[in-house]
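*Asks:* need a structure here:
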Amino acid sequence: MPYKETKVYYDGSHFIAIPKTTRPPRKRGRPKPSEEVITVFKEINADINAEKATEIACQENSVDAQISPIQEENLEETLSIQPKKLVKTTKKELFEKLYTEHRGLSKSKLKSAIIIAMKEYFKTHDEAVAYVTTHLDRKRKNLIARRVRCVRKANLQEFNYFVTLTFDDKLHDEESFVKGLKGCLKHFSNRKEWRYIGVWERSPKNKRLHFHGIFSIAEDTMPGLLFEKSDYNTNTKKRQITIQNTYFNAHFGRSDFSVITGKNDLGEALGYLLKYLEKTGEKIVYSKGLSQYFISDIEDSDVVCRVGLEDKKLLLFDDFKCFDEGTHMGNVSSNTIKMMRKSN
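*Replies:* A predicted model of the protein is given here:
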């Protein structure tokens with residue numbers, strides 16, 4: 001077998017295989033130096049008004065431009081930093097705090113706002129710029145990796161519902177809603193083999209917490225009954241018909257089920273979840289049993305060509321044969337993939 005133990009994933013259009021490589025064990029280098037502890041005023045962590053600061057200090061076309069003395073004086077007045085309490089932290093912790101607070105800004109304003117807040121902890125302005133640039137690149141790479149991981153996990157499943165679950169004040173507070181729903185979904189995942197990818201979100205107006213997710217639910221494992229309900233959508237200002245579930249309505253509040261019928265529906269639902277990775281930094285919630293890859297031996301006749309960086313990956317035909325340790329398991333299909341070994 002030309003390619004043994006390859007990791008195969010589906011990118012939404014084609015199956016891609018990553019051949020197994022043998023690498024020498026990486027030598028352990030020196031431990032990373034500990035983060036330098038700095039002392040900051042509490043207000044720097046909590047009360048920086050990013051919009052006002054960037055209006056004064058940031059030029060749209062040059063985020064690293066020097067600030068004039070007049071701008072510097074106005075900036076200090078705008079930020080209103082009052083040294084009431086000193087806090088011990090590290091530069092990385094301060095960066096993470098500022099990044100979270102200013103996440104809604106454009107990339108240029110985000111960078112400028114963080115540089116303005118952190119520049120006094122560096123010897124020169126250039127050192128502050130270099131530090132913030134490095135950590136923003138780290139954030140960007142991590143975001144890309146999380147998006148890729150989520151898409152690959154989703155494409156190896158057969159999701160059939162996009163679900164929104166919202167709690168009712170008469171049944172729960174936020175804490176009990178989160179705890180109860182997590183426990184419920186965990187039990188369904190273990191006992192009924194539900195698979196789901198979801199995210200927590202707050203509504204823009206009322207800030208009410210709810211859970212969005214794409215689910216793989218077998219017909220005979222659905223609790224309660226699905227029914228159609230006509231109500232009024234306050235966002236579109238129109239009447240709408242929704243599909244709800246008696247079990248989730250009774251235990252949590254309101255449920256909305258939308259049937260996923262094809263790749264287009266799945267792509268739209270997945271895109272809806274992924275936008276929260278960048279906009280709000282919300283973590284994606286995965287059920288157990290979701291993998292990025294399945295393991296298969298690949299015959300040379302099933303390879304269309306090499307693709308990817310340095311041609312390290314293999315583009316496969318749509319009907320390639322799957323082998324597990326030399327045993328032919330069948331041509332690729334959802335049933336065949338379920339029998340294959342998985343990997344992350």
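*Asks:* Look up the pLDDT of residue 79 for me, please.
*Replies:* For residue 79, the model assigns a pLDDT of 49.
*Asks:* no wait, residue 282
*Replies:* 71.
*Asks:* same deal with residue 217?
*Replies:* At residue 217, the pLDDT value in this model is 93.
*Asks:* wait, residue 294 sits on residue 156?
*Replies:* Yes - contact criterion C-beta atoms under 8 Å: residue 294 and residue 156 qualify, at 6.9 Å. All C-beta atoms are positioned from the backbone trio N, CA, C, and that covers glycine.
*Asks:* With neighbour numbers in mind, choose between the two.
*Replies:* The residue with more neighbours, out of residue 294 and residue 156, is residue 294; 23 against 20, by other C-beta atoms under 10 Å.
*Asks:* that's a helix at that one, yeah?
*Replies:* No - going by DSSP: H, G, I helix; E, B strand; the rest coil, the assignment for residue 294 is strand, not a helix.
*Asks:* contacting residues for it?
*Replies:* 7, 8, 156, 322, 337, 340, 341, 342, 343 (C-beta atoms under 8 Å, 6 or more residues apart in numbering).
*Asks:* in the sheet, who's paired with it?
*Replies:* residue 8, residue 342 (DSSP bridges).
*Asks:* and it, how far is that from residue 154?
*Replies:* Separation of residue 294 from residue 154 (C-beta to C-beta, to the nearest Å) stands at 14 Å.
*Asks:* Please compute how far the lengthiest helix in the chain lies from its chain's middle.
*Replies:* Secondary structure of the chain per DSSP state H: the longest helix is helix 125-155. Between the centre of helix 125-155 and the centre of its chain there are 12 Å (C-alpha atoms, centre = their mean, to the nearest Å).
*Asks:* what's the following helix or strand after that helix?
*Replies:* strand 161-167 (DSSP states H and E).
*Asks:* Alpha carbons of that following strand, in CSV - could you do that?
*Replies:* Coordinates of the C-alpha atoms in strand 161-167 are reproduced here as CSV (Å, rounded to 0.1, in the frame of the first residue of the first chain):
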residue,chain,number,x,y,z
TYR,A,161,-30.9,20.1,12.9
PHE,A,162,-30.0,23.7,13.7
VAL,A,163,-31.2,24.3,17.2
THR,A,164,-31.7,27.4,19.4
LEU,A,165,-32.4,26.9,23.1
THR,A,166,-33.4,29.9,25.3
PHE,A,167,-34.2,29.7,29.0
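*Asks:* Can you list the strands that it pairs with?
*Replies:* Strand 161-167 has these strand partners (DSSP bridges): strand 209-216 (antiparallel), strand 253-259 (antiparallel).
*Asks:* So which bits of the shortest one are buried?
*Replies:* Within strand 253-259, the residues that qualify as buried are 253, 254, 255, 256, 257, counting by 16 or more other C-beta atoms under 10 Å.
*Asks:* Which one of those is nearest to residue 168?
*Replies:* Using C-beta to C-beta, residue 253 is the member of the buried residues of strand 253-259 that sits closest to residue 168, with 3.2 Å.
*Asks:* contacting residues for residue 248?
*Replies:* Here residue 248 is in contact with 165, 223, 224, 255 (criterion: C-beta under 8 Å, 6+ apart).
*Asks:* SS state for it?
*Replies:* Strictly by three-state DSSP, residue 248 counts as helix.
*Asks:* can you tell me how far it sits from residue 210?
*Replies:* Residue 248 is 12 Å from residue 210, by C-beta to C-beta.
*Asks:* Could you tell me which residues touch both of those two?
*Replies:* residue 165.
*Asks:* And the contacts of stretch 257-271?
*Replies:* 12, 150-151, 154, 159-163, 197, 214, 226, 242-245.
*Asks:* Out of those, which two sit at the greatest distance?
*Replies:* Based on C-beta to C-beta, the longest span within those runs between 12 and 244 and measures 30.1 Å.
*Asks:* Counting neighbours around each, name which of the two comes out higher.
*Replies:* The neighbour comparison of residue 12 against residue 244 (other C-beta under 10 Å) goes to residue 244, with 17 against 12.
*Asks:* Fine by me, thanks again.
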